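J.: Here's a sequence, model it:
(chains A and B)
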Amino acid sequence: MFTELFYELRKARVPVSLKEYLLLLESMQAHVANMSVEEFYYLSRATLVKDERNFDKYDVVFGHVFKGLEALEEDDAAEIPEEWLRRLAKLTLTEEEKAEIEAMGGFNNLMEELKKRLEEQQMRHQGGNKWIGTAGRSPFGAYGYNPEGVRIGQDGSRHRRAVKVWDRREYRNLDDSVELGTRNIKVALRRLRRFAREGAALELDLPDTVRSTANNGGYLDLKLIPERHNTVKVLLILDIGGSMDDHTRTCEELFSATRTEFKHLEYFYFHNFVYEFMWRDNRRRHQERVPTWELLHTYASDYKLIIVGDATMSPYEIAYPGGSVEHWNEEPGQIWLDRMLTTYPSAIWLNPVTERHWTHSQSIQMTKQLMGDRMFPLTVEGLDRGMRELSR
Amino acid sequence: MKFEGTDNYVATEDLMVAVNAAITLQRPLLVKGEPGTGKTMLAIEVANAIGAPLIEWHIKSTTKAQQGLYEYDAVSRLRDSQLGDERVHDIANYIVRGKLWESFELEERPVLLIDEIDKADIEFPNDLLLELDRMEFFVYETKKTIKATQRPIVFITSNNEKELPDAFLRRCFFHYIRFPERETMQQIVDVHYPELKRTLLSEALNIFFEIRDVPGLKKKPSTSELLDWIKLLVSDDVTPEVLRSRDMKTLIPPLHGALLKNEQDVHLFERLAFMARREGGT
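T.: I've put the predicted structure just below:
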C-alpha cells in the first residue's frame, strides 16, 4: 500500500524495518488516523521514524512521495459535478441529519450558499486553483459528517496546513549529518563520559555481597564492582580568528558543551596552527601566552587531546619555520603538532569543514596525515567517530 | 477512548495521533523532547483523561530491568530462617513485586509510565524487550509465568542521554515534543492561568522568547520554567508596565531566577544587559 514510501525512506537511510511497516498498516486498519493526509503524516511518522534526527529526511521523502498524489486528489475533487455530490450526500445522510439540513433552509439553499462562498474565496485568493481543490473536497466532509458543513475554509485549510507541515522542514537542525547544536554535541560527548568508568578501581558492593551471601546459605560471598568515576581528562585546543571566524560559533558551542561534561577540562586557543605558544583568553592573546612546552609538561599523557580547527591555510604555515601569519616561528608547526601527539597518544582533530571538501585543500590533507588520519568532521556523526577513536 | 488533551494539558495534533495510535494498537509510546516540555505530564494527563490508574516507574542510573518485574528478598528470608519463622519455607513470600508486575495485575487497564529510560544502563531497554512485547515474564523462583490481564498503555520518556537500541525502538511508536510555538505557548499558559491579563501574558511571552533567543545560554528556559515564572509574576503582582519598562534602567526581567537556572547564564545575561545599557546611554 505504501511500499513506495517505505522504500524511499530506506533509500534515504532512515532505518525502517518491515515490522514497523506492518505496524503502520495495522494502525491504518484500526483507523487510528482519519483519512486526512495530515493525520496520516503524523501517524506514519510516529510509526516509522524513531529518532528526531531523521524527521527531516522523513519530511523530504514524504513530500516527494506524496507530491503527485496530492495534486491529483485536488484536481479530481475540483471537477466533481454538483449533481453527483448532492446525490452522494443524500445517500449517506441519516434522517435526523436531513431534518437538520431542512431546518437550515433546505438543500438548495445550502448549495447556493456553498457556491457563493466558493466564488468569494476564489476572488479573494489569487491562487484560486488550490481553493477550489480544498473546498471542492470539503463538501464531502461537510455533507457526510457535519450537517452545518459549509465552513469550507476551516475544513479545507487542514489539508493545506498539512502540506506545510512537512514543507516547513522544522526538524532540519536535528539531522545529525548536517548541523550541530549544543544539544547534539552533548549527546556525542556523553559517549566519552561512558568510557570514563575505569574498571581498575574496585570497591565492595555491599548490597550484592549481602544478597549473594544470603543466597549462598550464609557463607560469605564477596562481590566487587568497578568504581564509577568520571576520570576523563580533556585538553581542548581551539582555533580562533582568521579563517575560523565562520566556525567560531560552532566551536564555542562545542566548548560550552564540553565544559559541563568533564571534571578535568583544560582549554587553550591557537591561531591557524599550533606553534610554540597558545593562550587561554582570546581577548588577551598577546599578553598572556602559555608556552606550548609548559603545556606539554603540565598536563600528563593521560589527557585526551581534542583539537578543533579548520586546518585551512597555506601549506607553508604547517611545513616551514617562519610560516606563521602572526609571528616568526622558529620551528615549523608540524614539529609542534608532532610533539603534542607524542605526549598525548590519544588525540583527535575536529574539523568544521564538510568532509567532502577536505580533498580540495592541501593543508587539510597535510594535517590529516600528521594526525594519522584521526581527523573528523564537526557533526554529531563525526564526533561520534571521534569519541570512539579517543576511547580506544 | 480517544485522547484529545485535557483541561490542563494542551496536546498538539501530532501528539494526539501518536497517543491514540499507542492506545489503540497497544504498543508503547516513546516520548522525547527538550527537558520541561511536559513529557512526564503527558502520561499523567492521559491517565486522567481516560480514567485509568497510573503506575509510575522512575528510572535511575542504578535501576535494573529486573526491578520492574520482581525482586527476590533473600535478606529477609535469611533473617526469617534464623528466627525460625514459618514463612521461610515458601519462597513466594519473598518475591517482591515490581512496577511492571503491578501494572499487569490490575483489573482496569492501567497507564504505565517508564520515566527517563535513558538514565539507566545501556542494556536496560534490551532487557525489557520481551516483557513489553508480550506483556508477560517468567518468575524463576516460583516457576510461574506472569501474564498481563490487560495490556497496559505504556509511556516511555527519554532525555536523549543515550541512544536506545534499534530492537527496542522498533517496538514503539515515537513522538518528539517540539518546543511549542508562540500560539501553542499562549494556549498552554491560558490553560494554567486562565485569569491572567492578556497584556501581562504577551509581555511575559515576549521576554521569554527573547531570552530563549540569547545565544550561548547553557540551559534555555522551557515551558515549565515559563509557568513557574508567571506564577511568581502573578503572586508578586508585577504589572505589564513594569515588564515593558525594562529598557533603560534594568534589562534583566524581574524574578529572572525562575527562568535562568545557571549561574553562568545569569552572568551572561547581566553582561549583555550591561552592554546594551552602555550602548543606550551613549
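
J.: residue ranges with poor pLDDT in the stretch 151-282 of chain B?
T.: Along the stretch 151-282 of chain B, segments meeting pLDDT under 70 span B:244-252, B:276-277, B:279-282.

J.: Tell me the residues of it that contact chain A?
T.: Counting by CB under 8 Å from any CB of the partner chain, the residues of the stretch 151-282 of chain B close to chain A are B:160-164, B:166, B:169-176, B:178, B:215-216, B:218. Backbone N, C-alpha and C define where each C-beta goes, glycine included.

J.: out of those, which are inside strands?
T.: Filtering these for membership in strands, criterion DSSP state E, returns B:173-176.

J.: Could you save these as JSON lines and add columns showing neighbour count and distance to residue A:26?
T.: Listed next are those as JSON lines, based on neighbours: other CB atoms under 10 Å in any protein chain shown; distance: CB to CB, whole Å:
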{"residue": "B:173", "neighbour count": "29", "distance to residue A:26": "12"}
{"residue": "B:174", "neighbour count": "26", "distance to residue A:26": "16"}
{"residue": "B:175", "neighbour count": "27", "distance to residue A:26": "18"}
{"residue": "B:176", "neighbour count": "24", "distance to residue A:26": "22"}
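
J.: In chain B, what residue spans correspond to helices?
T.: B:13-25, B:39-50, B:65-69, B:74-83, B:99-105, B:124-127, B:129-134, B:166-169, B:182-192, B:198-213, B:223-236, B:240-244, B:263-281 (DSSP state H).

J.: For ChimeraX, write the selection for the buried entries among the residues of the stretch 151-282 of chain B next to chain A.
T.: Paste this into ChimeraX to select the buried members of these, with burial taken from 16 or more other CB atoms under 10 Å in any protein chain shown:
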select /B:160,161,162,164,169,170,171,172,173,174,175,176,178,218
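
J.: what's the most buried one of the helices of chain B?
T.: Among these, judged by mean count of other CB atoms under 10 Å in any protein chain shown, the one packed with the most neighbours on average is helix B:13-25 (a mean of 23).

J.: Which other helices and strands does that helix contact?
T.: In terms of contacts (3 or more CB pairs under 8 Å, 6 or more residues apart in numbering or on different chains; DSSP states H and E), helix B:13-25 is packed against helix A:18-29, helix A:37-48, strand B:29-33, helix B:39-50, strand B:153-158, strand B:173-177.

J.: just so I know, which of those lies nearest residue B:81?
T.: Shortest distance between residue B:81 and the helices and strands packed on helix B:13-25, using CB to CB, is found for strand B:153-158: 38.0 Å.

J.: Now do the closest one against strand B:173-177, angle only.
T.: Strand B:153-158 runs at 50 degrees relative to strand B:173-177, counting by axes from the mean of the first three to the mean of the last three CA atoms, to 10 degrees.

J.: Name the residues that touch strand B:153-158?
T.: B:22-23, B:26-32, B:39-40, B:42-43, B:46, B:52, B:109-118, B:132, B:164, B:172 (CB atoms under 8 Å, 6 or more residues apart in numbering or on different chains).

J.: Output it in CSV with nothing but the alpha carbons.
T.: In CSV, the C-alpha atoms belonging to strand B:153-158 read as follows (Å, rounded to 0.1, in the frame of the first residue of the first chain):
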residue,chain,number,x,y,z
ILE,B,153,-0.7,1.6,28.0
VAL,B,154,3.0,2.2,28.3
PHE,B,155,4.6,5.7,28.0
ILE,B,156,8.4,5.9,28.0
THR,B,157,10.2,9.2,28.2
SER,B,158,13.8,9.9,27.3
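
J.: Next, count neighbours for residue 56.
T.: Chain wasn't specified; assuming chain A. A total of 23 residues lie near residue A:56 under the criterion other CB atoms under 10 Å in any protein chain shown.

J.: right idea, wrong chain: chain B
T.: 15.

J.: who's in contact with it?
T.: B:43, B:99, B:113, B:115.

J.: Just to be sure, residue A:353 is in a strand?
T.: No. Looking at residue A:353 with DSSP: H, G, I helix; E, B strand; the rest coil, it is coil, so not inside a strand.

J.: Next one: residue B:8 relative to residue A:305, how far apart?
T.: 51 Å (CB to CB, to the nearest Å).

J.: Please name the spatially closest residue to residue A:328 (chain neighbours excluded).
T.: residue A:322 (5.3 Å; CB to CB, 6 or more residues apart in numbering or on different chains).

J.: which element is the one you found on?
T.: According to DSSP states H and E, residue A:322 maps onto no helix or strand at all.

J.: Tally up the residues packed near it, please.
T.: Neighbourhood size, residue A:322 [other CB under 10 Å]: 12.

J.: Kindly report the same for residue A:213.
T.: Number of residues near residue A:213 (other CB under 10 Å) recorded here: 18.

J.: got it, and residue A:357?
T.: A count of nearby residues for residue A:357, using other CB under 10 Å, gives 12.

J.: and if you look at residue A:372?
T.: As a burial measure, residue A:372 scores 10 neighbours (other CB under 10 Å).

J.: Just list the residues touching it, thanks.
T.: Applying CB under 8 Å, 6+ apart to residue A:372 gives the contacts residue A:341.

J.: what about it, distance to chain B?
T.: 28 Å (CB to the nearest CB, to the nearest Å).

J.: Secondary structure element holding that residue?
T.: Taking DSSP H and E as the definition, one finds residue A:372 inside no helix or strand.

J.: Local confidence estimate at residue 134?
T.: By default, I'm working from chain A. pLDDT recorded at residue A:134 is 38.

J.: not quite, I wanted chain B
T.: At residue B:134, the pLDDT value in this model is 88.

J.: what's the answer for the one 3 residues further on, then?
T.: Taken from the predicted model, the pLDDT recorded for residue B:137 is 91.

J.: For it, give the beta-bridge partners.
T.: Residue B:137 has these beta-bridge partners by DSSP bridges: residue B:146.

J.: Count the neighbours of residue 61 for me.
T.: Using chain A here. A count of nearby residues for residue A:61, using other CB under 10 Å, gives 24.

J.: actually it's chain B I care about, not the one you picked
T.: Residue B:61: 11 neighbours (other CB under 10 Å).

J.: From residue A:205, how far off is the residue of the stretch 151-300 of chain A found nearest chain B?
T.: Per CB to the nearest CB, residue A:214 is where the stretch 151-300 of chain A lies closest to chain B, at 3.7 Å. Applying CB to CB, the value for residue A:214 to residue A:205 is 14 Å.

J.: do residue B:172 as well
T.: Applying CB to CB, the value for residue B:172 to residue A:205 is 33 Å.

J.: tell me the contacts of the residue positioned nearest the centre of chain B?
T.: Compute the mean C-alpha point of chain B, and by CA atoms, centre = their mean the closest residue is residue B:40, 2.3 Å away. Counting by CB under 8 Å, 6+ apart, residue B:40 touches B:113, B:115, B:157.

J.: any idea how far it lies from residue B:258?
T.: 19 Å.

J.: Please apply the same query to residue A:222.
T.: The spacing between residue A:222 and residue B:258, counted by CB to CB, is 49 Å.

J.: hmm, back to that, of the helices of chain B, which is nearest residue A:387?
T.: Set against residue A:387 and scored by CB to CB, the helices of chain B come closest in helix B:166-169, at 19.7 Å.

J.: Just the C-alphas of the closest one, formatted as CSV.
T.: The C-alpha coordinates for helix B:166-169 follow below in CSV (Å, rounded to 0.1, in the frame of the first residue of the first chain):
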residue,chain,number,x,y,z
ASP,B,166,17.1,-0.4,17.5
ALA,B,167,15.3,-3.5,18.5
PHE,B,168,13.7,-1.6,21.3
LEU,B,169,12.7,1.4,19.1
